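> Let's see this in three dimensions:
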Amino acid sequence: QVQLAESGGGLVQAGGSLRLSCAASGRTFSRYAMGWFRQAPGKEREIVAGINWSGLNIYYADSVKGRFTISRDNAKNTVYLQMNSLKPEDTAVYYCAADSLNAVAPRNTYGMDYWGKGTLVTVSS
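Got it, this is the predicted structure:
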């Protein structure tokens, strides 16, 4: 079992930055592929970025490439999402999730075994 807790969300103006953190419980965090996802009101949950267990395989959705950076610190059981140049369309609840079976970075919501409760990011224009 893995429990995930996101933090770092909030209200920011367009063009600003936020850093999200996802703290994981359990001693097997370093084995899991991790992903950041978001869900805006009335829309389906979508992947934002994924990272494999080693941090060497990373995936970004086209909408965030060049603006967001995913990273992980296995010693701290934490995965991060640095979000720069934020846009109003980035407004959503952001979730982190863990995949216990995938050796590569997640590219969609399928196969994610554990989910956090989410943190709200609101970008004002």
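
> For the rest of this, base every contact and every neighbour count on C-alpha atoms.
Noted.

> Per-residue pLDDT of the residue nearest to residue 17 when sequence neighbours are not counted, please?
Excluding its sequence neighbours, the residue lying closest to residue 17 (C-alpha to C-alpha, 6 or more residues apart in numbering) is residue 84, at 4.4 Å. As summarised for this prediction, residue 84 has a pLDDT of 98.

> Surely residue 87 touches residue 15?
Yes - if you go by C-alpha atoms under 8 Å, residue 87 and residue 15 touch, sitting 6.4 Å apart.

> More neighbours: the two, which one.
Taking neighbours as other C-alpha atoms under 10 Å, residue 87 and residue 15 compare with residue 87 leading, 19 against 14.

> which non-adjacent residue is nearest the more buried one?
In space, not counting the residues next to it along the chain, residue 87 is nearest to residue 14; the distance is 5.0 Å by C-alpha to C-alpha, 6+ apart.

> Could you report the separation of the one you found from residue 66?
Distance from residue 14 to residue 66, counting by C-alpha to C-alpha, to the nearest Å: 16 Å.

> do residue 10 as well
According to C-alpha to C-alpha, residue 10 and residue 66 sit 21 Å apart.

> Tell me which residues touch the residue nearest to residue 17, please.
Applying C-alpha atoms under 8 Å, 6 or more residues apart in numbering to residue 84 gives the contacts 15, 16, 17, 18, 67, 68.

> how about the first one, secondary structure?
At residue 15 the chain is in coil, as set by DSSP: H, G, I helix; E, B strand; the rest coil.

> from what I can see it touches residue 86, true?
Yes - the pair residue 15 / residue 86 is scored as a contact, 4.9 Å apart, by C-alpha under 8 Å.

> All good on my end, thank you.
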